[in-house]
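[1] following is a predicted model, sequence given first.
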Amino acid sequence: MGELMRDVRGMWSMLRLSPWRVAVAVGWGVLALGSGLALAALAAWLIARAWQMPPVLDLTVAVVAVRALGISRGLCRYLERLATHDVALRAMTTARTTTYRALARSHLWIPRRNPAPARQDRSATHLRRGDLLVRVGSDIDDLGAVVVRSFVPIAVASILSIAAVVLLGLISIAAAAILAVALVVSGVLAPWLSARAAAAAERAVRADRAEFTARALTVLDHAPELRVAGRLDDALAAASAASERAVAAEDAAASRSAWAAAATPLSIGASVLGALLIGITLYGPNGGAPGAMTPMALTILVLLPLSAFEAVGPLPAAAQTLTTARAALHRLEGAKAPESDRGPSDTMPVSVDVTPPATGGQTGRGNAGGPPDLPVRVSAGSAARPVSERQGVLATGAPPPGGSVADPSRTDSPESPHPTAALPGPVGASPGRPDARRVAVIGPSGAGKTTLLMAWAGLFGTPVPGVTFFAEDAHLFGTSVLENLRVARGDLTAEEGERALRAVGAGPWLDSLPEGIHTDLVGGAAAVSGGQRRRILLARALISPARVLLLDEPTEHLEAAAGADLLRALLDARSGLVEPERDVVVVTHQLPPDHRADLVLHVDASGQVSTVSRRERNPVSAPREIPLPTS
């Protein structure tokens with residue numbers, strides 16, 4: 001019981017349920033089933049009283065009340081459905097957002113050579129894509145269903161069962177006792193059997209279900225490679241076998257569910273039969289005489305239990321839902337990376353070391369007469385390693401023995417948008433991203449340019465406020481062009497979206513779409529060419545509210561002339577493409593010679609970062625002093 005209550009508190013916390021909203025849903029449910037209970041009692045009284053053929057006016061109030069209760073039952077049921085689903089959908093949104101944020105903060109994306117022992121069995125680092133899909137999909141759905149199918153029905157059934165027993169006790173204590181026992185069997189024993197059956201089924205199918213999802217995703221993602229290797233049929237057979245094992249396990253665990261399903265009808269029959277026998281005994285040979293049970297009371301005694309079981313009928317299913325939700329909760333908790341479980345290998349692996357320049361000299365790629373270059377190296381702890389050394393930084397994610405690890409997202413000021421990746425900059429500039437409005441980063445493929453941008457954005461630790469990294473392979477969803485742009489800003493209007501697309505050169509393509517910006521991209525990125533996708537992603541970056549834009553290869557797949565024009569506009573604060581007060585950092589392989597970037601950095605194959613060129617800060621972003629006229 002203690003573990004059950006702990007899990008219930010965990011569900012309540014993860015879903016962040018509002019007690020007031022849950023109480024409203026329970027209230028409407030009580031009114032709905034309470035109307036049904038009152039309707040059964042009043043209808044039973046009306047039938048027996050009409051049998052006595054009283055004046056019609058004596059039955060008018062009862063007839064009107066029956067109609068009112070019938071209407072209120074349907075109306076309250078509708079309102080209860082609205083209230084419970086509102087609570088559940090809000091809770092699922094919250095849980096899914098929380099899970100996504102936990103996954104984003106975890107080190108799932110950085111494989112480890114030596115993961116912390118405490119997390120080897122339940123860390124998200126060890127989950128396959130299929131397992132993650134189950135957690136953010138069906139597991140959260142199961143967790144949300146617990147509100148509609150467990151919490152609210154259990155609360156409503158508890159209240160209505162007490163009310164039914166009390167109401168029947170006003171007529172016969174013995175009949176009320178029989179009803180109470182029957183309700184306990186139907187509302188406690190049957191759900192317990194159902195929960196055990198659900199737990200057995202969950203244990204039996206959990207591994208097979210996850211195996212099927214993982215293998216199905218493998219087939220979907222790698223069908224061409226599997227076909228070429230001659231292993232596609234084997235992969236399909238393995239996925240089919242996992243699915244069949246899951247179905248067989250569910251069937252084997254269904255026997256307990258059958259007993260649970262039979263408990264409620266048996267309880268109803270026993271309660272009605274017991275009430276009937278007690279009623280006949282109390283009615284006696286002189287039915288209706290003073291001191292004996294009246295025909296109306298006898299009818300209520302027999303028919304009321306039928307309505308009382310309406311509230312406890314859903315409880316076996318509620319127990320199954322609760323059991324499934326508990327298993328989902330445990331899996332979701334296992335997908336997170338609790339702070340208490342983080343060992344040394346879970347600390348942020350990326351930091352930046354600065355090698356001081358030699359006095360009066362230059363290193364790297366400095367221009368003659370220009371400022372000295374400050375070589376920069378991304379490292380793990382105190383041991384310097386180049387950003388391109390995947391086996392060192394990105395593959396292990398662990399600091400060297402005895403080494404310390406710095407968090408690149410820390411800044412001198414909480415409001416500063418610059419992560420502490422100490423790069424070349426003027427004296428007195430705050431550590432972090434270079435003190436320049438327009439920065440170009442060049443270098444050979446695989447040198448670590450993208451990794452550098454991700455470190456500046458704080459994606460290896462805590463994301464930095466105001467800084468957004470736009471990847472070259474960012475996802476396009478299978479929805480309209482406008483909704484794909486709204487990923488960056490939810491309140492974007494169609495007119496603003498069109499202006500952004502035309503600003504990046506997508507106007508002719510936009511005009512060719514049948515419904516313009518509202519055209520659906522069926523299949524997401526598969527519906528557009530590489531160049532069109534790049535322009536959509538660039539437009540998404542332009543309309544985002546980010547203070548600093550980190551753009552990875554924004555002009556890849558564009559024709560040379562158009563790509564050069566876009567790069568010039570991005571790196572020129574006067575062009576109007578990006579607001580002058582916003583900072584832009586661009587990674588590119590095609591930097592035009594006539595660019596207007598404030599700073600150009602080069603990352604060589606060894607991960608060394610050096611200054612290629614630097615120009616004075618663009619006067620657009622600097623205050624100007626206007627001279628006064630002289631006489």
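    Great, that's in hand.
[2] drop to CA atoms for contacts and neighbour counts, all remaining ones
    Noted.
[3] just checking, Ala182 touches Leu273?
    No: if you go by Cα atoms under 8 Å, Ala182 and Leu273 don't touch, sitting 11.3 Å apart.
[4] how close does Ala318 sit to Gly2?
    19 Å (Cα to Cα, to the nearest Å).
[5] same drill for those two, tell me which one is more crowded.
    Each of Ala318 and Gly2 has its neighbours counted (other Cα atoms under 10 Å); Ala318 has more, 25 against 7.
[6] tell me the SS of the closest residue to that one other than its chain neighbours?
    Using Cα to Cα, 6 or more residues apart in numbering and skipping the chain neighbours, the partner closest in space to Ala318 is Ser150 (4.4 Å). Applying DSSP: H, G, I helix; E, B strand; the rest coil to Ser150 yields a three-state assignment of helix.
[7] and the pLDDT for Ser150?
    Confidence at Ser150, expressed as pLDDT, is 87.
[8] tell me how many other residues surround it.
    So Ser150, with other Cα under 10 Å, has 21 neighbours.
[9] returning to that earlier point: pick out whichever of Ala182 and Leu273 has more residues nearby.
    With neighbours defined as other Cα under 10 Å, Ala182 and Leu273 compare such that Ala182 has more, 24 against 15.
[10] how about that one, nearest residue that isn't a chain neighbour?
    With Cα to Cα, 6+ apart, the residue lying closest to Ala182 is Ser267, at 5.0 Å.
[11] is it fair to say the one you found lies in a helix?
    Yes: the assignment for Ser267 by three-state DSSP puts it in a helix.
[12] same for the helix or strand containing Glu3, what does it pack against?
    Per DSSP states H and E: Glu3 is located in helix 2-15. If you count contacts as 3 or more Cα pairs under 8 Å, 6 or more residues apart in numbering; DSSP states H and E, helix 2-15 packs onto helix 60-105, helix 140-146, helix 315-334.
[13] number of nearby residues for Ala311?
    For Ala311, the neighbour count with other Cα under 10 Å is 25.
[14] wait, isn't it in contact with Gly34?
    No: using Cα under 8 Å as the test, Ala311 is too far from Gly34 to be in contact (9.2 Å).
[15] the helices and strands packed on helix 2-15: lowest mean pLDDT?
    helix 315-334 (a mean of 80).
[16] elements contacting that one?
    Packing contacts for helix 315-334, counted by 3+ Cα pairs under 8 Å, 6+ apart, involve helix 2-15, helix 140-146, helix 152-169, helix 190-229.
[17] what's the offset of it from the middle of its chain?
    How far helix 315-334 lies from its chain's middle: 18 Å, per Cα atoms, centre = their mean, to the nearest Å.
[18] for that helix, give me every contacting residue.
    7-8, 10-11, 99, 122-124, 135, 139-140, 142-143, 145-146, 149-151, 153-154, 157, 187, 190-195, 197-199, 202, 260-261 (Cα atoms under 8 Å, 6 or more residues apart in numbering).
[19] any idea of the angle that helix forms with helix 2-15?
    70 degrees (axes from the mean of the first three to the mean of the last three Cα atoms, to 10 degrees).
[20] give the buried residues for helix 315-334.
    Of all the residues in helix 315-334, those buried under the rule 16 or more other Cα atoms under 10 Å are 315-329, 331-334.
[21] try stretch 236-254
    Leu236, Ala238, Ala239, Ala242, Ser243, Arg245, Ala246, Val247, Ala249, Glu250, Ala253, Ala254.
[22] and if you look at stretch 187-200?
    With burial defined by 16+ other Cα under 10 Å, the residues of stretch 187-200 counted as buried are 187-200.
[23] over to stretch 203-222?
    204-205, 208-219.
[24] could you do stretch 85-101 as well?
    Applying 16+ other Cα under 10 Å to stretch 85-101 flags His85, Val87, Ala88, Leu89, Arg90, Ala91, Met92, Thr94, Ala95, Arg96, Thr99 as buried.
[25] I'd say the second one and Trp20 touch.
    It stands for Val87. No: with contact defined as Cα under 8 Å, Val87 does not reach Trp20; the gap is 10.0 Å.
[26] what does the domain assignment say about the protein?
    Per the record, the chain has its domains at 2-105+134-207+254-341, 351-466+546-619, by automatic domain parsing.
[27] so for Val228, which of those domains sits nearest?
    Closest to Val228 of the domains of the chain is domain 351-466+546-619 (Cα to Cα; 27.8 Å).
[28] mean confidence score for that closest one?
    Mean per-residue pLDDT for domain 351-466+546-619: 63.
[29] same deal with stretch 511-528?
    89.
[30] is Cys606 in contact with Ser445, as I believe?
    Not Cys; residue 606 is Ser. No: between Ser606 and Ser445 there is no contact, the gap being 11.3 Å when judged by Cα under 8 Å.
[31] what's the spacing between the residue nearest the centre of the chain and Leu103?
    The residue lying closest to the centre of the chain (Cα atoms, centre = their mean) is Arg96, at 2.1 Å. Separation of Arg96 from Leu103 (Cα to Cα): 11 Å.
[32] ok, now Ala210?
    18 Å.
[33] and Pro554, how far is that from Gly313?
    For Pro554 relative to Gly313 (Cα to Cα), the value is 59 Å.
[34] actually Ala327, not the one I typed
    According to Cα to Cα, Ala327 stands 23 Å off from Gly313.
[35] one more: Gly36?
    For Gly36 relative to Gly313 (Cα to Cα), the value is 14 Å.
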